[in-house]
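**Q** Kindly generate the corresponding structure for this input.
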Amino acid sequence: MARSFFSLGSAAIAVLMVGSITACNNTPTATTEPGQGETATKDPASLTLVSYAVTRDAFEKIIPKFTEEWKSKTGQDVIFEQSYGGSGSQTRAVVDGLEADIVALALSSDVQKIESAGLIQPGWEQEAPNGSIVTNSVIAFVTRASDNIKVEKWSDLANPEVKVITANPKTSGGARWNFLGIWGSVTKTGGTEEQAFDFAGKVLANAPVLPKDARESTDVFYKQGQGNVLLNYENEVLLAKQKGENQPYVIPQDFNVSISGPVAVVDTTVDKKGTREVADAFVQYLFTPEAQQIFAETGFRPVNEDILAKFASQYPKVENLATIEEFGGWKKAQAEFFDEGGIFDKVITKIGKQQ
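**A** Next up is the predicted model:
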């Protein structure tokens with residue numbers, strides 16, 4: 001039961017429908033409530049989850065477990081439509097009219113854009129545990145066993161012989177984290193902003209292509225064979241490893257960024273559809289040990305401390321780890337680095353002039 005629609009903004013959005021067997025045939029489920037002596041009918045609930053590309057594997061495992069639990073508790077089937085793509089593209093699609101019940105994006109600033117559009121009420125960060133941050137990750141450097149080029153720390157990326165694969169920060173949340181990693185590896189370790197600007201220019205000049213999202217970056221590196229080093233989410237690297245793409249990788253220890261993934265209910269949609277109760281329940285379910293275990297198994301650093309401890313050997317501790325707050329928070333970082341005329345645009349313009 002798959003369908004696609006391609007009319008929202010510039011994004012082409014693949015949509016999958018997932019639910020229990022009874023939900024798939026759209027047949028209402030009859031339940032008998034204690035003391036009533038008659039059959040009450042609950043229509044299936046339909047939820048649309050809009051998320052960024054690399055969460056697909058986790059959510060496709062989590063959703064069936066949630067629908068089963070919700071069914072057992074309430075007698076109601078839940079049908080999910082899932083949309084995945086670059087976080088920036090997904091954000092624009094929601095703002096432009098894609099009726100998401102729930103968004104799980106790569107950046108809090110993307111959720112804030114949906115809030116600014118009047119679709120999510122202020123204070124969404126307090127509506128779920130952990131400030132509504134459901135997963136963490138860090139930046140990984142993926143290299144090739146066949147290459148003799150050594151890439152272990154950020155400064156290695158400026159080597160003219162190194163071809164860097166990273167996504168485009170204009171469309172990819174992961175790429176924005178990567179760019180902050182590039183910038184912060186200078187400014188957060190004693191360097192100046194001028195030195196950071198120069199370093200960012202050297203790194204991006206070494207990039208043969210800027211794919212639209214983290215998943216496409218992975219395909220460019222693994223399937224198309226481009227580049228010597230791939231900057232990507234740790235979780236994407238671990239997932240690729242599970243699928244047999246066992247390239248060597250390092251988690252840079254000289255500096256790294258804590259990549260935090262937020263989740264939020266889209267108020268206008270759930271109020272319009274009457275799906276707030278089930279949407280809220282799904283968001284809360286994402287913080288349960290069962291869901292956090294699946295996130296950990298699919299490469300994300302869980303926010304549940306007990307589950308994180310269970311997977312300690314898979315997720316090495318990074319000593320010099322910056323948070324987005326050290327860049328002034330996402331509102332400031334978005335305006336300074338990624339809005340029109342920001343630092344990223346200036347770096348790209350300088351590279352174009354040099355070339």
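**Q** Just the buried residues of stretch 81-96, please?
**A** 81-95 (16 or more other C-beta atoms under 10 Å). Any C-beta I mention is one placed from the backbone N, CA and C, and that applies to glycine too.
**Q** ok, which pair from the residues you listed is furthest apart?
**A** Spatially, the most separated pair among the buried residues of stretch 81-96 is 81 and 88, at 20.4 Å (C-beta to C-beta).
**Q** okay, and for this structure, where does confidence drop off?
**A** In the predicted model, the chain carries pLDDT under 70 at residues 1-41, 353-355.
**Q** Grab the longest helix from it for me.
**A** Counting residues, the longest helix found in the chain (DSSP state H) is helix 56-74.
**Q** For it, name the packing helices and strands.
**A** Under the contact criterion of 3 or more C-beta pairs under 8 Å, 6 or more residues apart in numbering; DSSP states H and E, helix 56-74 touches strand 13-19, strand 45-52, strand 78-85, helix 276-285, helix 289-297.
**Q** in the stretch 51-200 of the chain, which spans are helices?
**A** Here the stretch 51-200 of the chain has its helices, by DSSP state H, counting those that start in this stretch, at 56-74, 87-96, 108-116, 173-187, 193-205.
**Q** Looking at the ones you listed, which is nearest to residue 335?
**A** Distance to residue 335, taken as C-beta to C-beta, is lowest for helix 108-116 among these, at 9.1 Å.
**Q** mind listing what's buried in that closest one?
**A** Neighbour-count burial for helix 108-116 flags 108-115 (criterion: 16+ other C-beta under 10 Å).
**Q** and which of those residues is nearest residue 146?
**A** Checking these against residue 146 by C-beta to C-beta gives residue 110 as the nearest, at 36.5 Å.
**Q** ok, residue 141 to residue 61 distance?
**A** Using C-beta to C-beta, to the nearest Å, we find residue 141 at a distance of 27 Å from residue 61.
**Q** Same drill for the two, tell me which one is more crowded.
**A** More neighbours surround residue 141 than the other of residue 141 and residue 61, with 23 against 15 (other C-beta atoms under 10 Å).
**Q** Relative to residue 211, how far out is that one?
**A** Noted for residue 141: a distance of 16 Å to residue 211, by C-beta to C-beta.
**Q** Also residue 189?
**A** From residue 189 to residue 211 the distance is 28 Å (C-beta to C-beta).
**Q** Please apply the same query to residue 276.
**A** 36 Å.
**Q** Which one's more surrounded, these two?
**A** Neighbour totals were compared for residue 276 and residue 211, and residue 211 leads with 23 against 15 (other C-beta under 10 Å).
**Q** which residues does that one contact?
**A** 165, 167-168, 172, 217, 219-220 (C-beta atoms under 8 Å, 6 or more residues apart in numbering).
**Q** swap in residue 160?
**A** Residue 160 makes contacts with residue 206, as judged by C-beta under 8 Å, 6+ apart.
**Q** Need phi/psi at it.
**A** Here is the backbone geometry of residue 160 (degrees, to the nearest 10): phi -60, psi -20.
**Q** try residue 260
**A** Dihedral angles for residue 260 - degrees, to the nearest 10 - are phi -110, psi 130.
**Q** That one bridge partners, please.
**A** Taking DSSP bridges as the rule, residue 260 bridges to residue 136.
**Q** That one reaches residue 109, doesn't it?
**A** No: using C-beta atoms under 8 Å, residue 260 is not in contact with residue 109, being 11.1 Å away.
**Q** roughly how far apart are residue 321 and residue 339?
**A** Taken as C-beta to C-beta, the span from residue 321 to residue 339 is 26 Å.
**Q** What is the burial count for residue 119?
**A** For residue 119, the count of nearby residues is 19 (other C-beta under 10 Å).
**Q** Pull the contacting residues for it.
**A** Taking C-beta under 8 Å, 6+ apart as the criterion, residue 119 is in contact with 94-95, 266-269.
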